[in-house]
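Chemist: Below are the sequence and a predicted model for it; my questions follow.
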Amino acid sequence: MIWLGALLATAIHFIPFAAVHGRALLWLSIPLILNSIAGLLLPEIPFYVFGMLDGFIKLLFGMALLMSPQPVYSER
């Protein structure tokens, strides 16, 4: 349960980062929060399942962010 709480805290902390790093982190936080809450509500399923799913979600979003086009910077 402690690790699921840590994963939930990590997922929640992506929400304020969305203001700085872009809307993608907001979309990343939603499945991570749902995964952590599901793990807390379903204690009969081993943590390994939810931990692997958490890592898989983060890898998918990471790959999507790496493949996205570079942002355009404007000069002030």
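Modeler: Structure received.

Chemist: Show the pLDDT at Ala18.
Modeler: The confidence metric pLDDT takes the value 85 at Ala18.

Chemist: Grab the nearest non-local neighbour of it.
Modeler: Computed as C-beta to C-beta, 6 or more residues apart in numbering, the closest residue to Ala18 that is not its neighbour in sequence is Leu26, at 3.9 Å. Bear in mind the C-beta positions are built from the backbone N, C-alpha and C, glycine included.

Chemist: can you give me the helices for the protein?
Modeler: 2-21, 24-41, 47-67 (DSSP state H).

Chemist: With mean neighbour count as extra columns, can I get those helices in CSV?
Modeler: Converted to CSV, these look like this (neighbours: other C-beta atoms under 10 Å):
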stretch, mean neighbour count
helix 2-21, 14
helix 24-41, 17
helix 47-67, 13
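
Chemist: low pLDDT regions in this protein?
Modeler: Judged by pLDDT under 70, the chain has its weakly predicted residues at 70-76.

Chemist: If we use 80, what do you get?
Modeler: 21-22, 68-76 (pLDDT under 80).

Chemist: ok, back up a step: the residue nearest to Ala18: what's it in contact with?
Modeler: Going by C-beta atoms under 8 Å, 6 or more residues apart in numbering, Leu26 touches Phe14, Ile15, Ala18.

Chemist: quick one: Phe14 and Asp54, what's the gap?
Modeler: 12 Å (C-beta to C-beta, to the nearest Å).

Chemist: Which residues are in contact with each of these two?
Modeler: Any residue near both Phe14 and Asp54 by C-beta under 8 Å, 6+ apart counts here, and that gives Leu32.

Chemist: picking up where we left off before, want to try JSON lines for the contacts of Leu26, with distance to Leu42 as columns?
Modeler: JSON lines is the format used below for the contacts of Leu26 (distance: C-beta to C-beta, whole Å):
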{"residue": "Phe14", "distance to Leu42": "23"}
{"residue": "Ile15", "distance to Leu42": "24"}
{"residue": "Ala18", "distance to Leu42": "28"}
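
Chemist: List just the nearest of those residues to Tyr48.
Modeler: The shortest approach to Tyr48 among the contacts of Leu26 belongs to Phe14, at 22.6 Å (C-beta to C-beta).
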